[in-house]
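Engineer: I need the structure of the sequence given here:
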Amino acid sequence: MKNFGGFLALLGIAAIVMNYLDRVPRLLMWIYKWGDDTAWAIKIGLVVIGGAMYLFGPKDEEDAPEEGSPKEPTEE
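Structural biologist: Below is the predicted model of the structure:
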């Protein structure tokens with residue numbers, strides 16, 4: 001979930017920055033059909049929702065240790 005949230009947040013930030021450079025990511029070209037105000041709302045929403053998913057989402061399964069496996073081997 002964190003990976004997807006991070007992707008959404010970065011996509012929103014990239015769209016905001018690229019808007020000032022007169023470039024638009026192809027993935028977000030459709031939001032400009034409804035006007036600038038709606039496009040800004042969608043871009044800001046992407047950043048806020050993606051950031052919240054990244055910060056408050058559960059750890060990804062790849063990062064979490066498996067249930068029956070020892071955390072670290074002990075040296076004796």
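Engineer: all helices for this protein, in order.
Structural biologist: With DSSP state H, the ranges of helices along the chain come out as 2-20, 36-56.
Engineer: I'd like those helices written out as TSV, with distance to R26, mean pLDDT and mean neighbour count added.
Structural biologist: No exception for glycine: its C-beta is placed from N, CA and C like everyone else's. Shown next, in TSV, are the helices of the chain (distance: least, CB to CB, whole Å; pLDDT from 0 to 100; neighbours: other CB atoms under 10 Å):
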stretch	distance to R26	mean pLDDT	mean neighbour count
helix 2-20	11	91	16
helix 36-56	14	93	15
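Engineer: dump the ones you listed to CSV, plus distance to L28.
Structural biologist: Listed next are those as CSV, based on distance: least, CB to CB, whole Å:
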stretch, distance to L28
helix 2-20, 5
helix 36-56, 7
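Engineer: out of those, which comes closest to W30?
Structural biologist: helix 36-56 (9.4 Å; CB to CB).
Engineer: what angle separates the closest one from helix 2-20?
Structural biologist: 150 degrees (axes from the mean of the first three to the mean of the last three CA atoms, to 10 degrees).
Engineer: so I31 makes contact with I44?
Structural biologist: No - between I31 and I44 there is no contact under CB atoms under 8 Å: 11.3 Å.
Engineer: what distance do you get for G50 to I31?
Structural biologist: Using CB to CB, to the nearest Å, one gets 15 Å for the distance from G50 to I31.
Engineer: check G6 too.
Structural biologist: The value you get for G6 to I31, if CB to CB is used, is 20 Å.
Engineer: output stretch 10-28 as PDB, restricted to C-alpha atoms.
Structural biologist: Extracted C-alpha coordinates of stretch 10-28, given in PDB (Å, rounded to 0.1, in the frame of the first residue of the first chain):
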ATOM      1  CA  LEU A  10       4.900  11.600  -6.700                       C
ATOM      2  CA  LEU A  11       2.600  11.700  -9.700                       C
ATOM      3  CA  GLY A  12       0.700  14.600  -8.200                       C
ATOM      4  CA  ILE A  13       3.900  16.500  -7.400                       C
ATOM      5  CA  ALA A  14       5.300  15.800 -10.900                       C
ATOM      6  CA  ALA A  15       2.000  17.100 -12.400                       C
ATOM      7  CA  ILE A  16       2.200  20.300 -10.400                       C
ATOM      8  CA  VAL A  17       5.800  20.900 -11.300                       C
ATOM      9  CA  MET A  18       5.400  20.000 -14.900                       C
ATOM     10  CA  ASN A  19       2.400  22.300 -15.200                       C
ATOM     11  CA  TYR A  20       4.700  25.300 -14.600                       C
ATOM     12  CA  LEU A  21       7.000  24.000 -17.400                       C
ATOM     13  CA  ASP A  22       4.100  23.700 -19.800                       C
ATOM     14  CA  ARG A  23       4.300  19.900 -19.800                       C
ATOM     15  CA  VAL A  24       1.700  17.500 -18.800                       C
ATOM     16  CA  PRO A  25       2.200  13.800 -17.900                       C
ATOM     17  CA  ARG A  26       0.300  11.700 -20.400                       C
ATOM     18  CA  LEU A  27      -1.300   9.800 -17.600                       C
ATOM     19  CA  LEU A  28      -3.000  12.900 -16.300                       C
END
